[in-house]
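Q: Test case, fold it:
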Amino acid sequence: MVLEQETNSDETASGEAVRARWPPAVAALLGLGSLFGVGLAVTAYLEPYVWPSVLVGVPAGLVAGVVVTVVSYWLLTRWQRRAAAQHED
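A: Numbers count the residues shown, from 1 in each chain. As a prediction, the model looks like this:
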């Protein structure tokens, strides 16, 4: 019985910790996806026109990945804070 009670208190603490950690993980995954997606799309699109299309696609993918990571992290943490504030009321 005592073991079950300790597990329950740990579950609530770890649940809050998991909720606090998921915005960076989601933002990083979205950023990586956009990095590869935009990088490959720009490289494939420019291949017939520019011989070093990878030299254009890689920086475009990096910029897109950083922008998507920062914006998605900001939006996710903003949404999480807003939901927590509404829950407290």
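Q: Now the most centrally placed residue in the chain: closest residue in space that isn't a chain neighbour?
A: Closest residue to the average C-alpha location of the chain: Ala27 at 1.1 Å, with CA atoms, centre = their mean. Closest residue to Ala27 apart from its sequence neighbours, by CB to CB, 6 or more residues apart in numbering: Tyr73 at 3.7 Å. C-betas here are computed from N, CA, C, even on glycine.
Q: swap in Gly39?
A: Once flanking residues are discounted, Gly39 sits nearest to Gly61: 2.5 Å by CB to CB, 6+ apart.
Q: I'd like the mean pLDDT over the helix or strand containing that neighbour, please.
A: Using DSSP states H and E, the element containing Gly61 is helix 53-88. Per-residue pLDDT over helix 53-88 has a mean of 93.
Q: hmm, who's touching stretch 23-34?
A: With CB atoms under 8 Å, 6 or more residues apart in numbering as the contact definition, stretch 23-34 has outside contacts at 61, 64-70, 72-73, 76-77, 80.
Q: contacting residues for the residue nearest to Gly39?
A: Applying CB under 8 Å, 6+ apart, the residues contacting Gly61 are 34-40, 42.
Q: Buried by neighbour count: which residues of stretch 46-66 qualify?
A: Using 16 or more other CB atoms under 10 Å as the test for burial, stretch 46-66 gives 46, 53-54, 56-58, 60-61, 64-65.
Q: TSV for these, including distance to Glu88?
A: Formatted as TSV, these follow (distance: CB to CB, whole Å):
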residue	distance to Glu88
Leu46	51
Ser53	52
Val54	50
Val56	48
Gly57	46
Val58	45
Ala60	42
Gly61	40
Ala64	36
Gly65	35
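Q: Chain neighbours aside, what residue packs nearest to Trp22?
A: Among residues not flanking Trp22 along the chain, Leu76 sits closest, at 7.8 Å (CB to CB, 6+ apart).
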